[in-house]
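Enquirer: Provided below for reference: sequence and predicted model.
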Protein chains: 2
Amino acid sequence: MSLDRTDRRILAILQLDARLTNQRLAERIGLSPPACLKRVRRLTESGHITRQVAILDPERLGPLLHIVVEVTMERDRKDLYQRFLLRAVANPAVKQCYQVTGEVDFVLVVVVPDMNAYDRFCDDVLYADDNLRKFRTLVSRFRNKFDTAIDVGEPAM
Amino acid sequence: MSLDRTDRRILAILQLDARLTNQRLAERIGLSPPACLKRVRRLTESGHITRQVAILDPERLGPLLHIVVEVTMERDRKDLYQRFLLRAVANPAVKQCYQVTGEVDFVLVVVVPDMNAYDRFCDDVLYADDNLRKFRTLVSRFRNKFDTAIDVGEPAM
DNA sequence: CGTGAAATATGTATCGT
DNA sequence: ACGATACATATTTCACG
C-alpha cells in the first residue's frame, strides 16, 4: 500500500506522541476528525502502526542492567540458527535481537535486574545451545539514547 | 516515590497497549475510571511513564538498514567521551546509544535507509571524532525482536 | 472529505471510607 | 489518602451529503 504525505505526517507525529487526541491530530494536519481517524485506522489495519505503547523510565523501577550480547555460532546452519532464535526470542529478558553479518551472528539487547538474572539468562539461552561457539558480554553503564521513532520522510512539525 | 501493585499493573498493561481507553483500563484493574485516571496521571507526572508512542513497522516504510556499531575510544577521558556522545546522540540516525564496560566503549544502534546514508553517518559521527580509535560495523539482516516493555513485577494479565 | 448528531470517554466536584 | 458516584465537558464515531 502507498502512503501519501498526510499519512506520513500522521505517522511522524504519532510515533513521537501517541497521546494526542484524534481531534488535535486532525487539526494539526488540517483534516476533519473523522477523515483523520479513518487514516489512523487504515494505517493500523495495514500494519504500518504495529502498536501503541507507554515507554517507561527504567531508572525508576529499581536497578536494571542493560547488556549487549554478541553471539557467534559454530556452524552456519539455518535450522540451528532458528533453534537458537526461538529460545532467544521467547526469553523475556531479551528485548531486542538482530541477526547480523560478519564474524558475529546475533546481537541481543538483554535487560535484567541484576547479574544473577543475567547468569540465569546465559544458562537458559546461551549455554543451552550446543551450536553456540562463543559470546561476548558488553554491560551498559548508561543508556544515553533510546528513540523508537524512524524516518518517515516527513517532519512531525 | 513508591508504587503499589495497582500502579505496577497499570504500567504493565500500558507498556503493552497504550491504546486502551481509561475506562477499559479501569475495569481491567478493578477501579473506577476517575481513580484509575488519577493513577495514570500521577505515573505520568512522576516520570514513570515517559511518553506514549506509536511503534511503526520499519519494513513497510521502504528498505531500512539496522546497524549495530561498536565504538572504541583512544583515551578514556570523560570530556572526550562527552564530546563524542553529544554528536552521537544528536544524530537522527542513532536510535540507541549504550556506554558499556570492557574493550568496547560505546554500542550504537543506527537506522539508515541505505549504505550511502551509513557512510554519511560514519563521516559525521565516527570519523569526525579524533579520539575515536576504531569501530566495528555489524549490519543487521533481520530484526527478530523489538520489545519496549520492561519487567515491572506484575503480569499485564 | 466534511458536517452534524449520537454514543463514549474524560475530567471535576463531592462525598464516604 | 484513596476510591466511588454523579454530573459536566470533550472526544470518538456513525450516517449522510
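Expert: Received the coordinates, thanks. Residues are numbered from 1 along each chain as shown, chains lettered A, B, ... in the order given.

Enquirer: going forward, measure contacts and count neighbours with C-alpha atoms only.
Expert: OK.

Enquirer: Which positions in chain A make contact with DNA strand D?
Expert: A:20, A:21, A:22, A:23, A:24, A:33, A:34, A:37 (C-alpha under 7 Å from any atom of the strand).

Enquirer: Run me through the strand neighbours of the longest strand that chain A contains, direction for each.
Expert: In chain A, assigned by DSSP state E, the strand with the most residues is strand A:132-146. Here strand A:132-146 is paired, per DSSP bridges, with strand A:65-73 (antiparallel), strand B:94-100 (antiparallel).

Enquirer: among the residues of chain A next to DNA strand D, which two are most distant?
Expert: Using C-alpha to C-alpha, these span at most 14.8 Å, a distance reached by A:20 and A:34.

Enquirer: So residue A:52 belongs to a strand, correct?
Expert: Yes. Residue A:52 sits within a strand when classified using DSSP: H, G, I helix; E, B strand; the rest coil.

Enquirer: Nearest to residue A:125, out of the residues of chain A next to DNA strand D: which one, please.
Expert: residue A:20 (39.6 Å).

Enquirer: Span of stretch A:56-65 from start to end?
Expert: 15 Å (C-alpha to C-alpha, to the nearest Å).

Enquirer: Can you give the strand pairings for the helix or strand encompassing residue A:55, parallel or anti for each?
Expert: Using DSSP states H and E, residue A:55 sits within strand A:49-56. Partners of strand A:49-56 in the sheet, by DSSP bridges, are strand B:49-56 (antiparallel).

Enquirer: If you count neighbours, what's buried in the partner strand?
Expert: Buried residues in strand B:49-56, defined by neighbour count with 16 or more other C-alpha atoms under 10 Å in any protein chain shown: B:49, B:51, B:52, B:53, B:54, B:55, B:56.

Enquirer: Pick out whichever of the residues you listed sits closest to residue A:29.
Expert: residue B:54 (16.8 Å).

Enquirer: Is the closest one bridged to anything, and to what?
Expert: In this entry, residue B:54 is beta-bridged to residue A:52, by DSSP bridges.

Enquirer: got the contact list for it?
Expert: Contact analysis of residue B:54 by C-alpha atoms under 8 Å, 6 or more residues apart in numbering or on different chains lists A:11, A:14, A:15, A:16, A:17, A:18, A:49, A:50, A:51, A:52, A:53.

Enquirer: From residue A:45, how far out is it?
Expert: For residue B:54 relative to residue A:45 (C-alpha to C-alpha), the value is 13 Å.

Enquirer: can you pull out the helices in chain A?
Expert: A:5-14, A:22-29, A:33-45, A:78-90, A:115-121 (DSSP state H).

Enquirer: DNA strand C is nearest to which of these?
Expert: Relative to DNA strand C, the nearest member of the helices of chain A by C-alpha to the nearest atom of the strand is helix A:33-45, separated by 4.8 Å.

Enquirer: how about that closest one against DNA strand C, any contact?
Expert: Yes. With C-alpha under 7 Å from any atom of the strand as the measure, helix A:33-45 is seen reaching DNA strand C through A:33, A:34, A:35, A:36, A:39.

Enquirer: Show me just the buried residues among those.
Expert: A:33, A:36.

Enquirer: quick one on the thing from earlier: CSV for the helices of chain A, including mean pLDDT?
Expert: As requested, these are exported to CSV (pLDDT from 0 to 100):
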stretch, mean pLDDT
helix A:5-14, 98
helix A:22-29, 98
helix A:33-45, 98
helix A:78-90, 97
helix A:115-121, 98
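
Enquirer: so which of the ones you listed is the most packed in?
Expert: helix A:5-14 (a mean of 20; mean count of other C-alpha atoms under 10 Å in any protein chain shown).

Enquirer: So which elements touch that helix?
Expert: helix A:22-29, helix A:33-45, strand B:49-56 (3 or more C-alpha pairs under 8 Å, 6 or more residues apart in numbering or on different chains; DSSP states H and E).

Enquirer: let's see it at 10 Å
Expert: Secondary-structure packing of helix A:5-14 (3 or more C-alpha pairs under 10 Å, 6 or more residues apart in numbering or on different chains; DSSP states H and E): helix A:22-29, helix A:33-45, strand A:49-56, strand B:49-56.

Enquirer: ok, so what distance separates the residue most central in space within chain A from residue A:106?
Expert: By C-alpha atoms, centre = their mean, chain A has its centre lying nearest to residue A:96, at 5.7 Å. According to C-alpha to C-alpha, residue A:96 and residue A:106 sit 10 Å apart.
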